[in-house]
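In: This is a predicted model, with the sequence first.
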Number of protein chains: 2
Amino acid sequence: MRVKTKRPTSLAASRLKVVGVIRSALKTRGDAPRQGSEGAPDAWLEVRPWAARALDGVAAGDELIVITWFHRARRDVLKVRPRGDLRNPLTGVFATRSPDRPNPLGLHPVIVRKRAGRRLLIGPIEAIDGTPVVDIKPVL
Amino acid sequence: MRVKTKRPTSLAASRLKVVGVIRSALKTRGDAPRQGSEGAPDAWLEVRPWAARALDGVAAGDELIVITWFHRARRDVLKVRPRGDLRNPLTGVFATRSPDRPNPLGLHPVIVRKRAGRRLLIGPIEAIDGTPVVDIKPVL
């Protein structure tokens, strides 16, 4: 009989592993559109060698959700003016897609244009060059 | 002139903060359906007091994406048989929605049924009782 032990949710267990990185022509937050649908380019997603096997079954034409970590975001922000527009009222970040939030996770629905080994050409995606990728999932 | 300094993506920066927790009648992974759309119940999402202000603007009727951390998942798994069915071929976890993956993040599209202060009744959601919540976003 297999005994299930209760594993506590330690802080150590919630440390993210970087599974890949975005390689994009967008170099700064100022360059980036606010959503992928607003004129963002395609970009390469390079999966780290240790995680390459997790891509088995991913192919051109697939619709994926790429989860990034906005490494340039502020984590101490709980309220923002949506879209950075001062005319908008202060709003809780959970009611917005602001990159500034306690855990700056980005959700990017993309299409796989091409696969070359552990590199995927994906788009459109507004994430800037060097953005760490923490997960990749098929669209439901 | 504001000088932008390059902040490195340190491991310390990628430690997740728990912003809330799921309170559900589902107590074990065995109880849970594989997706929220497969007969999952409603559940309460309790936001931590320090993050409550980030909920300003969230109301009953909103469509949200709740991001959870599957604290019971295995992080050393790169390939699985989809839906745990031995007849399915071994597939990379990035081509599946398996909870077992390097960063066991769960994406849950839900509707807010009711709001009571920093508690949201949401559903349908297959996450089990005690699952940590790491982000909440409006559906695009």
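Out: It's in. All figures in this text were calculated on a predicted structure; none of them were measured in a lab.
In: Identify the bridge partners of the residue nearest the centre of chain A.
Out: In chain A, the residue lying closest to the centroid (C-alpha atoms, centre = their mean) is A:Thr68, at 1.9 Å. Counting by DSSP bridges, A:Thr68 is bridged to A:Gly106, A:Val133.
In: residues contacting it?
Out: A:Ile22, A:Leu105, A:Gly106, A:His108, A:Ala127, A:Thr131, A:Pro132, A:Val133, A:Val134 (C-beta atoms under 8 Å, 6 or more residues apart in numbering or on different chains). For every residue, glycine as well, the C-beta is placed using N, CA and C.
In: Might you report the residue contacts of the fourth one?
Out: Going back to what we said before, that points to A:His108. Taking C-beta under 8 Å, 6+ apart, one finds A:Gly36, A:Ile65, A:Val66, A:Ile67, A:Thr68, A:Ile125, A:Glu126, A:Ala127 in contact with A:His108.
In: Please, which helix or strand holds the second one?
Out: It refers to A:Ile65. Assigning secondary structure by DSSP states H and E places A:Ile65 in strand A:63-69.
In: Neighbouring strands - and their directions - for the helix or strand just after that strand?
Out: Once strand A:63-69 ends, the next helix or strand along the chain (criterion: DSSP H and E) is strand A:79-80. Note on strand A:79-80: by DSSP bridges, its sheet partners are strand A:91-92 (antiparallel).
In: now what about the partner strand, what contacts it?
Out: Under C-beta under 8 Å, 6+ apart, the answer for strand A:91-92 is A:Leu78, A:Lys79, A:Val80, A:Arg81, A:Pro82, B:Arg53, B:Ala54, B:Leu55, B:Asp56, B:Gly57, B:Val58.
In: rerun that using 7 Å as the cut-off
Out: A:Leu78, A:Lys79, A:Val80, A:Pro82, B:Arg53, B:Ala54, B:Leu55, B:Asp56, B:Gly57, B:Val58 (C-beta atoms under 7 Å, 6 or more residues apart in numbering or on different chains).
In: Who does the third one form a beta bridge with?
Out: By that I understand A:Val80. Beta-bridge partners recorded for A:Val80 (DSSP bridges): A:Thr91.
In: just checking, it touches A:Thr96?
Out: Yes: at 6.0 Å, A:Val80 counts as touching A:Thr96 under the criterion of C-beta atoms under 7 Å.
In: Quick one: the helices in chain A, in order.
Out: When secondary structure is read from DSSP state H, chain A shows no helices.
In: for it, which spans come out with low pLDDT?
Out: The model of chain A has pLDDT under 70 over residues A:1-13.
In: Mind jotting down where the strands sit in it?
Out: According to DSSP state E, chain A carries its strands in the segments A:20-23, A:43-47, A:63-69, A:79-80, A:91-92, A:105-116, A:119-123, A:132-138.
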